[in-house]
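J.: The following comprises the amino acid sequence and a computationally predicted model.
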Amino acid sequence: MSTSPYVPPKVWRHEAASGGQFASINRPVAGPTHDKALPVGKHPLQLYSLATPNGVKVTILLEELLALGHSGAEYDAWLIRIGEGDQFASGFVEVNPNSKIPALFDHSQQPPVRVFESGSILLYLAEKFGALLPKDLAARTETLNWLFWQMGSAPYLGGGFGHFYVYAPEKFEYAINRFTMEAKRQLDVLERRLAESAYLGGDAYSIADIAVWPWYGQLVRGNLYGAAEFLAVHEYPNVQRWAETIAQRPAVQRGTRVNRTWGDEASQVPERHAATDLD
């Protein structure tokens, strides 16, 4: 490891970037790297994803909608192996030009509607089925406040704290301290909110909780980055209470298994094409 301070060049070049765990899939340009069409199953909703925190938001919501009796929420979930570059196939780039999971095609509409970015997918499905999003303007706005809070905050947790605490090829004290400070500040934001109400939007479970839980709920439960002790998550009892309440929901337990390819065998359902795939 070099002890010399880093001095940025006048013009950054991709070739100078350090490798790290994601060197094979990180690049400074967009667009496809190869031609490959996406598979299409029998259901109107076609999901292309992986069981990362962003991916399971959508499978949890779909399982919640099915549990509420919305049969139109039946879906096919196809596995996108981001470590192997599936997200750069031409078919995937067609549904999401940003090459990130999750991505959704709704074939119940003609022409089919593409939906990308996890928050957009949650909002689209909640509006489509009229569920898990309040109709009252004030309650709806509070729910959306927290949905968009997650979209803006989680990159600091994942790309910031998670990257430098777990994935960076070297441990950088400044970076870890910087993003640990922000992760704990965000947990305190949630702690103060959840001291006031059972759920983020108020008294009712909603897409705001579904968006936030895979990141911050799993973090305080010790299931993200192995950082619960490091972050002293016992300091956030209301976040822990909320996280455990949501973890007990059957639809959450089902949704977190879809498109999962790691952990114990019983937790892995790489693809889902029928409810029986989870039985």
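T.: Great, that's in hand. Numbers count the residues shown, from 1 in each chain.
J.: Can you give me the domain assignment for the protein?
T.: According to the TED database, the chain comprises the domains 1-132, 137-248.
J.: Can you get me the start-to-end distance on the last one?
T.: Using C-alpha to C-alpha, to the nearest Å, the gap from the first to the last residue of domain 137-248 comes to 29 Å.
J.: need the domains of the chain in JSON lines with mean pLDDT, distance to T256 and mean neighbour count, can you?
T.: For glycine as for every other residue, the C-beta is placed from the backbone atoms N, C-alpha and C. Putting the domains of the chain into JSON lines (pLDDT from 0 to 100; distance: least, C-beta to C-beta, whole Å; neighbours: other C-beta atoms under 10 Å) gives the following:
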{"stretch": "domain 1-132", "mean pLDDT": "93", "distance to T256": "5", "mean neighbour count": "16"}
{"stretch": "domain 137-248", "mean pLDDT": "98", "distance to T256": "8", "mean neighbour count": "18"}
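J.: Quick check: which of the ones you listed is nearest to D279?
T.: Among the domains of the chain, the nearest to D279 by C-beta to C-beta is domain 1-132 (12.5 Å).
J.: The closest one: how far from the chain's middle?
T.: Here domain 1-132 is found 9 Å from its chain centre; the criterion is C-alpha atoms, centre = their mean, to the nearest Å.
J.: Y48 is in what secondary structure piece?
T.: Take DSSP states H and E as the rule and Y48 turns out to sit in strand 45-49.
J.: do the same with W78
T.: Here W78 is assigned to strand 75-79, by DSSP H and E.
J.: Who are the packing partners of whatever helix or strand comes next after that strand?
T.: Later in the chain than strand 75-79, the nearest helix or strand by DSSP H and E is helix 90-95. In terms of contacts (3 or more C-beta pairs under 8 Å, 6 or more residues apart in numbering; DSSP states H and E), helix 90-95 is packed against strand 103-106, strand 113-116.
J.: which residues touch the first one?
T.: Spelled out, that is strand 103-106. Residues from elsewhere that reach strand 103-106, judged by C-beta atoms under 8 Å, 6 or more residues apart in numbering: 38, 40, 44-49, 58, 92, 95-96, 112-116, 121, 124, 128.
J.: circling back to that earlier point, angle of the strand holding Y48 against strand 75-79?
T.: 20 degrees (axes from the mean of the first three to the mean of the last three C-alpha atoms, to 10 degrees).
J.: how about the CA coordinates for the helix or strand just after strand 45-49, as PDB?
T.: As assigned by DSSP H and E, the chain's next helix or strand after strand 45-49 is helix 53-67. Extracted in PDB, the C-alpha atoms of helix 53-67 (Å, rounded to 0.1, in the frame of the first residue of the first chain):
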ATOM      1  CA  PRO A  53     -31.800  -4.800  -0.700                       C
ATOM      2  CA  ASN A  54     -33.100  -2.900  -3.800                       C
ATOM      3  CA  GLY A  55     -34.300  -6.100  -5.500                       C
ATOM      4  CA  VAL A  56     -36.300  -7.500  -2.500                       C
ATOM      5  CA  LYS A  57     -38.300  -4.300  -2.200                       C
ATOM      6  CA  VAL A  58     -40.200  -5.300  -5.300                       C
ATOM      7  CA  THR A  59     -40.600  -9.000  -4.500                       C
ATOM      8  CA  ILE A  60     -41.800  -8.200  -1.000                       C
ATOM      9  CA  LEU A  61     -44.400  -5.800  -2.400                       C
ATOM     10  CA  LEU A  62     -45.600  -8.300  -5.000                       C
ATOM     11  CA  GLU A  63     -46.000 -11.000  -2.300                       C
ATOM     12  CA  GLU A  64     -47.800  -8.500  -0.100                       C
ATOM     13  CA  LEU A  65     -50.200  -7.700  -3.000                       C
ATOM     14  CA  LEU A  66     -50.900 -11.400  -3.600                       C
ATOM     15  CA  ALA A  67     -51.500 -11.900   0.100                       C
END
